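Asks: Show me the folded form of this:
(4 chains)
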Number of protein chains: 2
Amino acid sequence: MGGAVRRRRVTIADVASHAQVSTTAVSKVLRNAYGVSAAMRDRVRAAIDELGYRPHNAARAMRGRTFTIGVLLPHINNPFFGEILDGLMEQLGGTDYQAILIQGGRDPQGEHRAIDALVDRQVDGILMIAPLGSKAELEEVAAGTPTVVLGPHEKSAVYDSVHDDDEAGAELVVEHLIALGHRRIAHIGQRDASRGRPAALLHTIRERTYRRVMAEHGLAGEIAVAATSYTEAGGHAAARELLARDPLPTAIFAGADLAAFGALAAVYEAGLTVPGDISLAGYDNTRMAGLAHISLTTVDQDGAILGRTAARLLLERLAGRSAAVDFSLSPTLIVRRSTARSGSPC
Amino acid sequence: MGGAVRRRRVTIADVASHAQVSTTAVSKVLRNAYGVSAAMRDRVRAAIDELGYRPHNAARAMRGRTFTIGVLLPHINNPFFGEILDGLMEQLGGTDYQAILIQGGRDPQGEHRAIDALVDRQVDGILMIAPLGSKAELEEVAAGTPTVVLGPHEKSAVYDSVHDDDEAGAELVVEHLIALGHRRIAHIGQRDASRGRPAALLHTIRERTYRRVMAEHGLAGEIAVAATSYTEAGGHAAARELLARDPLPTAIFAGADLAAFGALAAVYEAGLTVPGDISLAGYDNTRMAGLAHISLTTVDQDGAILGRTAARLLLERLAGRSAAVDFSLSPTLIVRRSTARSGSPC
DNA sequence: AAAGCCGTGGGTATCGTTACCCATTCTGGG
DNA sequence: CCCAGAATGGGTAACGATACCCACGGCTTT
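Replies: Down below sits the predicted model:
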């Protein structure tokens, strides 16, 4: 069914001859460039529609733009990234730009390959979500391609930064747990796989803030950290490790909801209850966290706003802005039923 | 810090002059083409390493390959897709191909735009995960670009199909619930947003199988379906709808784990328990489903194998195979604690 | 009325790589 | 020892779109 003829693709030259104008004229219309009369524009537009012309992206890339924005993210399994992307897509909706995604994985080598892949494909701009690379590495990329970094807090003169205030968020959680009477509060973090300066990575900030707030309340001796990864499996393993200690912690602050879900399973397996025996808090306010049977206390950082902002900043950069911008979003604590007074019965 | 000199990119010509050979020779080495001596190959390789040359993808695309595989998926928030991608990436690991992802969204228009975006970017091959388009639409794409479709069950002569046997999977669940003594078994499906022939879409198959098995056991009168979407929110809304009926269902079969999680919350909110009052089963065996506090009975379809297979088939096609392949994977039922005998106390 | 300017349209070199073809050297068999 | 044919290397015209330039006609300004 349907002719087996693999017809040659329609080019700008076909449009030009069909509209009886030069290829230059067609190109100008496509780019909204200066120097075309209204009549000419209409004729070319009509020819484009009639022939079903679509610009050849690779050919464009040879001379300049690709109208493509590359989005790097560690792995798609973190639902919070989905919320960021929703915001991003919304902001990109009205423009000519298309986002393509690429997974960097959990180690810097894989991330580096992924970034190279984007650069090789001549994307016009790059949005890096929670990248592991050092500031120097990111800046090298940003020197060649407009870049926005979402996550790490290191300000740069070459790229824009967007992040929630992780220090404030982590502080909210720990202060909340302390206010409930907890003293033996443990933390689930992410093992550091990055090179360079990890001080700016969000998991590092969350852990550091946990340590600081504990110390400020004279609880330095109670600090207990299990560093695995921000995944269900990581949270599960970390919680098992923490629950093997004596005395048991009375509260666990997981650096991400995903890890909190794994921890919840481990607590349950140990024959303990949340929040009866152990209070549990996460970070990200993913949709799962709000479901009634889980009802996880967590930190909300509105991924959609972060995504929209990142996209907006990138578009601004593509439009010519060169001064760097640093955008910080204040998080809020969402108290649910997974945290309760220490020692109190459920 | 660092020279502000935006240095020109290293091209094949630079490599050629550095190695004292022609650009043709360099190109041949890059493509492993016939007609290069070992000595020449070594010299060129050395020059490539010394200069840090990277092929310019757009230029390659002008002449043929891009070494890029486009992966279309509805939305990244379904964790099952992550497992598919893990398999895909693993299989693609040793090759020169890079996968880029693009979200199609939940309506056919958005999906169409996304597919166009991939085609415009001259990807060498396309993997569509759970696409909504009609067979005719998919075949039109496949006629121009090697394509593998993961999900819908319609065999085609132009593209390869990979899917789990959704009919077998859904049958396992419904038979399991009936064997436990349930009669009022409800189903949570996905509202159909597709054009063309929806009969082949996986959510249609799961629902149709549910209806068939119910009817085969003389339970046609007990059929109750709430069609929303395979998301937490969709499952939540659907379960609320089902729980408002009288008499209540004693079991709910959600077409996807994600929807089951939402349903779990709704059951909990209604003051009921799982599996005490209501048995609940999902589909996909996501990691969350296995966590102890959820312990969802579900169908395992090994996303990694599906992803690996899809990638393998696509590579075969890129290598020249033109005969279509249809790969079907048998799912298994994972019985956990969310399903129990009807009427029995917890 | 002459000079300059603006608005409009087109010619053409160019981006980096590949594939086709040709030129040269080398090898082995008659 | 000569010649056919294989092995190796290179020249060059594309691929499709863009951006710099120039040409031309009509209008305003002095």
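
Asks: how does chain A divide up, domain by domain?
Replies: Taking automatic domain parsing as the reference, chain A has its domains at A:12-55, A:66-164+A:303-330, A:166-301.

Asks: Would you format those as a markdown table with mean pLDDT included?
Replies: Written out in a markdown table, the entries for the domains of chain A read as follows (pLDDT from 0 to 100):
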| stretch | mean pLDDT |
| --- | --- |
| domain A:12-55 | 89 |
| domain A:66-164+A:303-330 | 91 |
| domain A:166-301 | 93 |
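
Asks: Just send the ones you listed back as CSV, with mean neighbour count and distance to DNA strand D too.
Replies: The C-beta positions use only the backbone N, C-alpha and C, and glycine is treated the same way. Formatted as CSV, the domains of chain A follow (neighbours: other Cβ atoms under 10 Å in any protein chain shown; distance: least, Cβ to the nearest atom of the strand, whole Å):
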stretch, mean neighbour count, distance to DNA strand D
domain A:12-55, 15, 3
domain A:66-164+A:303-330, 20, 9
domain A:166-301, 21, 35
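
Asks: want to try CSV for the ones you listed, with distance to B:G144 as columns?
Replies: Formatted as CSV, the entries for the domains of chain A read as follows, by distance: least, Cβ to Cβ, whole Å:
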stretch, distance to B:G144
domain A:12-55, 12
domain A:66-164+A:303-330, 18
domain A:166-301, 38
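
Asks: want to throw the ones you listed into a markdown table with distance to chain B?
Replies: Formatted as a markdown table, the domains of chain A follow (distance: least, Cβ to the nearest Cβ, whole Å):
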| stretch | distance to chain B |
| --- | --- |
| domain A:12-55 | 6 |
| domain A:66-164+A:303-330 | 4 |
| domain A:166-301 | 4 |
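
Asks: need the strands for chain A, in chain order.
Replies: With DSSP state E applied, chain A shows strands at A:68-73, A:98-103, A:125-129, A:147-150, A:160-164, A:185-190, A:224-228, A:251-254, A:279-281, A:298-300, A:326-329, A:332-334, listed in chain order.

Asks: Which of those strands sits closest to B:I84?
Replies: Nearest to B:I84, of all the strands of chain A, is strand A:98-103, at 12.2 Å by Cβ to Cβ.

Asks: can you tell me how far the closest residue to A:L333 other than its chain neighbours sits from A:F253?
Replies: By the measure of Cβ to Cβ, 6 or more residues apart in numbering or on different chains, the closest residue to A:L333 outside its immediate chain neighbours is A:L172, 4.1 Å from it. With distances defined as Cβ to Cβ, to the nearest Å, the gap from A:L172 to A:F253 amounts to 10 Å.

Asks: I figured A:L30 was touching A:P55, is that so?
Replies: Yes - with the criterion set as Cβ atoms under 8 Å, A:L30 and A:P55 qualify as a contacting pair; they are 6.4 Å apart.

Asks: Return every residue with contacts to both of those two.
Replies: Counting by Cβ atoms under 8 Å, 6 or more residues apart in numbering or on different chains, the common neighbours of A:L30 and A:P55 are A:I12.

Asks: Run through the residues that contact the spatially most central residue of chain A.
Replies: Among the residues of chain A, the one closest to the centroid is A:I129, at 3.5 Å (Cα atoms, centre = their mean). Taking Cβ under 8 Å, 6+ apart, we find A:I129 in contact with A:V71, A:L72, A:L73, A:P74, A:F81, A:I84, A:L150, A:G151.

Asks: Kindly report the same for A:R113.
Replies: Contact analysis of A:R113 by Cβ under 8 Å, 6+ apart lists nothing.

Asks: For the closest residue to A:A61 other than its chain neighbours, the count of nearby residues, please.
Replies: In this structure, A:A61 finds its nearest non-sequential neighbour in B:A58, 3.3 Å apart by Cβ to Cβ, 6+ apart. Burial of B:A58 is recorded as 22 neighbouring residues (other Cβ atoms under 10 Å in any protein chain shown).

Asks: pLDDT at B:A58, what is it?
Replies: At B:A58 the predicted local confidence, pLDDT, stands at 88.

Asks: so how far is A:I76 from the residue of the stretch 151-300 of chain A found nearest DNA strand C?
Replies: Using Cβ to the nearest atom of the strand, the single residue of the stretch 151-300 of chain A nearest to DNA strand C is A:V158, 22.3 Å away. Using Cβ to Cβ, we find A:V158 at a distance of 28 Å from A:I76.

Asks: Then A:I305?
Replies: From A:I305 over to A:I76 (counting by Cβ to Cβ), the distance is 20 Å.

Asks: again with A:T298
Replies: Shown here: A:T298 relative to A:I76, a distance of 21 Å by Cβ to Cβ.

Asks: and what of A:L177?
Replies: Summarising the geometry, the distance separating A:L177 from A:I76, computed by Cβ to Cβ, is 31 Å.

Asks: Can you show me the helices along chain A?
Replies: Using DSSP state H, the helices of chain A run over A:12-19, A:23-31, A:38-51, A:57-63, A:79-92, A:108-120, A:135-144, A:166-179, A:202-216, A:232-243, A:257-269, A:287-290, A:303-318.

Asks: For the ones you listed, please prepare a markdown table with the additional fields distance to A:R336.
Replies: As requested, these are arranged in a markdown table below (distance: least, Cβ to Cβ, whole Å):
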| stretch | distance to A:R336 |
| --- | --- |
| helix A:12-19 | 58 |
| helix A:23-31 | 52 |
| helix A:38-51 | 54 |
| helix A:57-63 | 47 |
| helix A:79-92 | 17 |
| helix A:108-120 | 34 |
| helix A:135-144 | 36 |
| helix A:166-179 | 11 |
| helix A:202-216 | 19 |
| helix A:232-243 | 17 |
| helix A:257-269 | 11 |
| helix A:287-290 | 7 |
| helix A:303-318 | 18 |
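
Asks: Which of these sits closest to B:R106?
Replies: Comparing the helices of chain A against B:R106 with Cβ to Cβ, the closest turns out to be helix A:79-92 (11.7 Å).
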